[in-house]
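Participant: Task: produce atomic coordinates for the following.
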Amino acid sequence: MPKIFIALAFPPPVHKIATFSCDIGLRAGAKVVTGRVRFPDMLRCGMSGGNIYWLGRVAPMAMQHLFQSGMDLETGTTRTEDMKNRTAVNAPADTNVIALETALVESDREDHFVRKDGKVFAGTHLIIEVLGGKNLDCIDTIDAAFRRCIDECKATLLHIHLHRFAPQGVSGVAVLAESHISVHTWPEAGYGAFDVFMCGDAEPWKAVEILREAFDADDVHAKEFLRGEGIV
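Facilitator: This is a model prediction of the structure:
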């Protein structure tokens, strides 16, 4: 499991801020990022409780940005916000995280985040390998395949750029409002390497069968990655 970095702001009278890396399986979910916690790593620091802040898989130097922005690690507010809200009722610790998740998922942008099967992520990235394909040296065939993928996956085309190499092979990209489709081909081997990355309401898995048909492939392999999973 990859290391993550945690910032802890301990309550008075200690007023201690510490960072350390650990291998615990903490996910940055809407109700996990902040709040009062108790777990062995904190006990090893000699404290029974404190506020935990998810820094992600970044170096502890990221703490500098919190200080430079005037962030109070105990309250999660900036100094200006703290002065404005001294008389207000304190909101739950994860309010800001939930608000960010909602904004990302419910945005009017075509590349809004996706909430599906209990997960929140930026989009679906498919690594697609076309094996035993034909016409992988033909720009017109690839262009038509891109456009069909875009239409049937319900994505939004911004522009397509394809380049044919000498003596053979094509590389190119379709830039989408939801992200992109890219390709690099080795016609002599009947092999085409495609990436289909789509955010928002697009349906990228429909591209797999479209590419199989477009290049009359003997086989097509696809792997899925959920980009941005766990960042909110």
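Participant: And residue 128, which helix or strand is it part of?
Facilitator: When elements are defined using DSSP states H and E, residue 128 is found to belong to strand 123-131.
Participant: same thing with residue 145?
Facilitator: Secondary structure assigned from DSSP H and E places residue 145 in helix 139-152.
Participant: I figured residue 158 hits residue 178, correct?
Facilitator: No - the pair residue 158 / residue 178 is not scored as a contact, 9.8 Å apart, by C-beta atoms under 8 Å. To be clear about C-beta, it is placed using only N, CA and C from the backbone, and glycine gets the same treatment.
Participant: So which of these two has more stuff around it?
Facilitator: Between residue 158 and residue 178, counting by other C-beta atoms under 10 Å, residue 178 is the more crowded of the two (26 against 12).
Participant: ok, residue 121 - contacts?
Facilitator: Residue 121 is in contact with 113-114, 226-230, counting by C-beta atoms under 8 Å, 6 or more residues apart in numbering.
Participant: If you could redo that for residue 156, that was the one I meant.
Facilitator: Residue 156 makes contact with 110, 150, 176-178 under the criterion C-beta under 8 Å, 6+ apart.
Participant: Looking at these, spot the one nearest residue 168.
Facilitator: The shortest separation between residue 168 and any of the contacts of residue 156 is 25.3 Å, and it belongs to residue 150 (by C-beta to C-beta).
Participant: State the mean pLDDT of stretch 193-212.
Facilitator: Across stretch 193-212, the average pLDDT comes to 98.
Participant: Pull the contacting residues for the closest residue to residue 216 other than its chain neighbours.
Facilitator: Using C-beta to C-beta, 6 or more residues apart in numbering and skipping residues adjacent in sequence, the residue nearest residue 216 is residue 134, 4.8 Å away. For residue 134, the set of contacting residues under the criterion of C-beta under 8 Å, 6+ apart consists of 190, 215-217.
Participant: Top of those residues by number of neighbours, please.
Facilitator: Neighbour tally across the contacts of residue 134 (other C-beta under 10 Å): the maximum, 24 neighbours, falls on residue 215.
Participant: From what I see, that residue and residue 135 are in contact.
Facilitator: Yes - under the criterion of C-beta under 8 Å, residue 215 lies in contact with residue 135, with a separation of 6.0 Å.
Participant: Now do the shared contacts for the two.
Facilitator: Contacts common to residue 215 and residue 135, judged by C-beta under 8 Å, 6+ apart, are residue 141.
Participant: All the helices of this structure, in order from the start?
Facilitator: 40-44, 63-68, 79-84, 95-105, 139-152, 206-214 (DSSP state H).
Participant: angle of the longest one against helix 206-214?
Facilitator: Spelled out, it's helix 139-152. For the pair helix 139-152 and helix 206-214, the angle between their directions (axes from the mean of the first three to the mean of the last three C-alpha atoms, to 10 degrees) equals 150 degrees.
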